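[1] please find the sequence and the predicted model below.
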Amino acid sequence: QVQLVESGGGLVQAGGSLRLSCVASGRTFSINNMGWFRQAPGKEREFVAFINWSAGSTNYADSVKGRFTISRDYVKNTVYLQMNSLKPEDTAVYSCAADRAYRGSSDPNEYDYWGQGTQVTVSS
């Protein structure tokens, strides 16, 4: 099993920045990819970004490209999501997820483990 704990959410004005963290524990050797997803009220869960745990290669949703950066600290078993130029439409609960599959995916159904989520609210 893998446990994931997110932190770093909060309230920020439009144009501001936040950095989310997700610490993984347990059988972390089984992780191949880590992803960030978000879900706004009344909407489906949406892919944000993923990173390959060993290679560090990344993939982003078009809606966040150029504004968000996903990174990882291999030693600390932590993945980060740096969010800049935030917009009110970025408001959502952000969750990190771990995938044991070799190939990364934007499909949340491909992920095996999930954190509890952290609220991000962007005011206009």
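    Ah, there it is.
[2] which residues sit in contact with D90?
    38, 64, 83, 120, 122 (C-beta atoms under 8 Å, 6 or more residues apart in numbering). Glycine gets a C-beta too; all of them are placed from N, C-alpha and C.
[3] tell me the pLDDT at it?
    Per-residue confidence (pLDDT) for D90: 98.
[4] that one and T121: what is the separation?
    Applying C-beta to C-beta, to the nearest Å, the value for D90 to T121 is 9 Å.
[5] then S54?
    34 Å.
[6] between these two, who's got more neighbours?
    A count of neighbours by other C-beta atoms under 10 Å puts T121 above the other of S54 and T121, at 15 against 11.
[7] ends of stretch 60-70, what's the gap?
    9 Å (C-alpha to C-alpha, to the nearest Å).
[8] sorry, back to before: restricted to strands, list the contacts of D90.
    38, 83, 120, 122 (DSSP state E).
[9] now name the helix or strand holding the nearest residue to G56 once chain neighbours are set aside.
    Closest residue in space to G56, ignoring its immediate chain neighbours: R72 at 6.8 Å, by C-beta to C-beta, 6 or more residues apart in numbering. Assigned by DSSP states H and E, R72 belongs to strand 68-73.
[10] residues in contact with that strand?
    Residues outside strand 68-73 that contact it (C-beta under 8 Å, 6+ apart): 34, 36, 48-51, 53, 56, 58, 60, 78-84.
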